[in-house]
Each structure stands twice: as C-alpha cells, then as structure tokens.
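[1] here you go, sequence then predicted model.
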Amino acid sequence: MTIRIVRLGSPRAAGEGLRIGTVRRPPRGVPKSEFATGDWYDVWYPNLAPSQETVHMALAAQTDKEWAAFTRKYKAEMARPEPSRTLDLLAALSRTADFSVGCYCADEARCHRSLLRELLAQRGADIAP
C-alpha cells in the first residue's frame, strides 16, 4: 500500500486509489460533478494547502531565498496541531491503503506537494516513487 504525490488533473495511475486535492481552491471552470471523472480529485481537503498568504509567497518566489522563505512558512503552518495530526493520519493510512494527494502545479520542485512528500516521509509514510 502506498501514497502517491500527484499533479491534479493528470491521468490516474493504476491502483492509485482515492485522490485527495490539497489545494486552496477547486479547479477553475470545471463543474463539481467532473472533479473525479476529470482526474482532479475525489475529495477536496484544503487543510493541507498553504494559506492564501503563503500561496502568494510561493507564486511570487523567483529566487532560492524566496522559495526557502515559503518553505519555512508552509512547514510552520503544517506543524500546527490540526495539519500535523492529518499528516500523521495519512502516513499511517499509507501503510494500509492506496491513495494520493496532490496539487495543480506543473513543477513539483516548486510546489507545496514536494514539501508534503518530505513531511509525510518524515512520519514514515510509504510513498510511491
């Protein structure tokens, strides 16, 4: 059993399981009835998305220093009790169920999902390559 870190809207992998959208906003111009069939997500869970202010930091980050500032702020948000418990839960579930979490960004290296991958790995999650 594993957790996959995915780009929302990309084709699903075989056996991917439930897809969780860890984004601040639903996809623009897509009817709610098409979120799952369009490979966006099955469940919207913005609790693991960066806050609106932090999203703006990520989008504006042009330098490594600016990206590092975003990384620190997002990790601080995820260290709060509710998101931290959610990360613990997902890490535990990854050992007994197949599912995925994701975001829309094209480049995972400049997306909060790269940080989610790291935070989940630190909690012992079974993460697909």
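    Yes, it's here. Numbers count the residues shown, from 1 in each chain.

[2] for Q62, grab the count of nearby residues.
    Using other CB atoms under 10 Å, Q62 is surrounded by 7 other residues. The C-beta positions use only the backbone N, C-alpha and C, and glycine is treated the same way.

[3] sec struct for L90, please.
    Assigned with DSSP: H, G, I helix; E, B strand; the rest coil, L90 falls in the helix class.

[4] correct me, but it touches L119?
    No. Taking contacts as CB atoms under 8 Å, L90 lies outside contact range of L119: 9.4 Å.

[5] give me the number of residues near L116?
    25.

[6] okay, the host helix or strand of it in CSV with CA atoms only?
    In this assignment (DSSP states H and E), L116 forms part of helix 112-122. C-alpha atoms of helix 112-122 as CSV (Å, rounded to 0.1, in the frame of the first residue of the first chain):
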residue,chain,number,x,y,z
HIS,A,112,3.9,22.5,-1.8
ARG,A,113,3.4,18.9,-2.8
SER,A,114,7.2,18.4,-2.7
LEU,A,115,7.1,19.6,0.9
LEU,A,116,4.1,17.3,1.6
ARG,A,117,6.2,14.4,0.3
GLU,A,118,9.0,15.4,2.7
LEU,A,119,6.7,15.8,5.7
LEU,A,120,5.0,12.5,5.0
ALA,A,121,8.3,10.7,4.6
GLN,A,122,9.5,12.1,8.0
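
[7] check what pLDDT E34 gets.
    If you check E34, the pLDDT there is 94.

[8] cool, M1 as well?
    pLDDT, M1: 87.

[9] now do the contacts for it.
    94-98, 126 (CB atoms under 8 Å, 6 or more residues apart in numbering).

[10] isn't F70 up against A58?
    Yes. With contact defined as CB under 8 Å, F70 counts as touching A58 (4.7 Å).

[11] who touches both of those two?
    P50.

[12] now the helices for this protein?
    Taking DSSP state H as the criterion, the chain carries its helices at 52-60, 64-78, 81-93, 112-122.

[13] what is the longest one packed up against?
    Under the contact criterion of 3 or more CB pairs under 8 Å, 6 or more residues apart in numbering; DSSP states H and E, the helices and strands touching helix 64-78 comprise helix 52-60, helix 81-93, helix 112-122.
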